[in-house]
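[1] Sequence plus the predicted model coming up.
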Amino acid sequence: MTRCAVFGTGSWGTAFAMVLADAGCEVTLWGRRPGVVEAINTGRTNPDYFPGVRLPDGVRATTDPAEAADGAEFTVFSVPSQTLRGNLSDWAPLLADDTVLVSLMKGVELGTAKRMSEVVQEVAKAPAERVAVLTGPNLAKEIAARQPAAAVVACPDESVARRLQTACHTAYFRPYTNTDVVGCELGGAVKNVIALAVGIADGMGLGDNTKASLITRGLAETTRLGLAMGADAHTFAGLAGMGDLVATCSSPLSRNHTFGTNLGRGMTLEETIAVTKQTAEGVKSCESVLDLARRYDVDMPITETVVGIVHDGKQPLVALKELMSRSAKAERH
Ligand SMILES: NC(=O)C1=CN([C@@H]2O[C@H](COP(=O)(O)OP(=O)(O)OC[C@H]3O[C@@H](n4cnc5c(N)ncnc54)[C@H](O)[C@@H]3O)[C@@H](O)[C@H]2O)C=CC1
Ligand SMILES: O=C(CO)COP(=O)(O)O
């Protein structure tokens, strides 16, 4: 039986552990909080994230990272992007040389502007061919309810992507393979920033034309950055790009969307952070995405606007007026 380790008992770590177990794997979840680990092992549920959802028998949990990592063919990471480097420094010595390292995370590291697979490669000293990412329109609560969804598993070594595809393929979860890791990761990280923008617009009471325009132009700026970084344009028209934008920008389940809505309704940043219980990656990653845009000399006006509102205290109405008063352009430039 395929053994998997999943580091992180939050929303997505737990739901993806369920997917792996439903696909026939034996999964050990690592969690830092003993109460959650105990509840998973004895109550067969994760009450903090999915109360009432029974976890498959193939999932157990531990607070011991060595126990989680032991014998894992796939080692999956699902902690907040900004803590991964610190976490993985502790775990790296425990990981087998041949385990496939899988990132579920949709963020870009502050300061270094590195994608999560780059952080994994660097800290675990693993070649790119042994590092994979999983992304796409996968709101954890819907996956935990076993509603049908598709995803992308990306790795430069397609045979590794195929192995991961098999490991997480169930009747309700349909993963496709891709070798464009850069495009897949950027799609996931930048859509969180665009979801903040759409949420802000929703909170301001704006309608569907505004939403569609932000999604479409958001995809245009994601693609521009991706092309500058060597990604394949087709990736952005797929599940990692358009697919995840549609899910995240339209769903009240999205933490990024909800975060933006609260800001758009007039909450301060501090008030919004206080009511946000789970990880909204775009709040920090909007700055690192803008950092990438500057490093690659790419124009990303929506991302810039989000940074202005979230970090520089710009009023949404003022920011929106500035965005709309940019010079007229060709749709493709
Ligand atoms: N929730 C979702 O629907 C989806 C989330 N993702 C991505 O998955 C990643 C994880 O997000 P979620 O599980 O949703 O977040 P979450 O907030 O639900 O869970 C995060 C987990 O990390 C733990 N954690 C927090 N700080 C930590 C630290 N310093 N060291 C170690 N562990 C720490 C928390 O205790 C929690 O178990 C993010 O990058 C997110 O973008 C991707 C697809 C879907
Ligand atoms: O990535 C997600 C869905 O694919 C989840 O989005 P949020 O992190 O905004 O909840």
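    That came through fine. Ligands and ions are numbered 1, 2, ... in the order given.
[2] hey, let's count contacts and neighbours off CA atoms from now on
    Will do.
[3] Kindly state the pLDDT recorded for H333?
    H333 carries a pLDDT score of 73 in this model.
[4] Report the contact partners of it.
    Not one residue lies near H333 by C-alpha atoms under 8 Å, 6 or more residues apart in numbering.
[5] where's it relative to G52, distance?
    Distance, H333 to G52, using C-alpha to C-alpha, to the nearest Å: 50 Å.
[6] Likewise for G58?
    With C-alpha to C-alpha as the criterion, G58 and G52 are 17 Å apart.
[7] check whether the helix or strand where D244 lies contacts ligand 1.
    Here D244 is covered by helix 244-250, with elements defined by DSSP states H and E. No. Helix 244-250 is not in contact with ligand 1 by C-alpha under 6 Å from any ligand atom; minimum separation 8.8 Å.
[8] Are there helices or strands packed against that helix, and which ones?
    Packing contacts for helix 244-250, counted by 3 or more C-alpha pairs under 8 Å, 6 or more residues apart in numbering; DSSP states H and E, involve helix 181-203, helix 208-228, helix 255-264.
[9] Around ligand 1, pick out the residues from the stretch 201-333 of the chain.
    Neighbours of ligand 1 within the stretch 201-333 of the chain, by C-alpha under 6 Å from any ligand atom: Q278, T279, E281.
[10] If we ignore the residues flanking it in sequence, what's nearest the first one?
    Which is Q278. Nearest non-adjacent residue to Q278, counting by C-alpha to C-alpha, 6 or more residues apart in numbering: R255, 7.0 Å away.
[11] so what's that neighbour up against?
    By C-alpha under 8 Å, 6+ apart, the contact set of R255 is T276, Q278, T279, A280.
[12] OK, contacts around the last one?
    Applying C-alpha under 8 Å, 6+ apart to A280 gives the contacts N192, R255, N256, F259.
[13] The third one too?
    Each residue near T279 by C-alpha under 8 Å, 6+ apart is listed here: P80, R255.
[14] Pull up the gap between the residue nearest the centre of the chain and V198, please.
    Closest to where the C-alpha atoms of the chain average out (C-alpha atoms, centre = their mean) is K106, at 2.5 Å. For K106, the distance to V198 equals 18 Å [C-alpha to C-alpha].
[15] Please apply the same query to A167.
    Counting by C-alpha to C-alpha - A167 and V198 are separated by 34 Å.
[16] Mind checking which of those two has more residues around it?
    Between A167 and V198, counting by other C-alpha atoms under 10 Å, V198 is the more crowded of the two (33 against 22).
[17] correct me, but that one touches L214?
    Yes. V198 is in contact with L214 according to C-alpha atoms under 8 Å; the separation is 6.5 Å.
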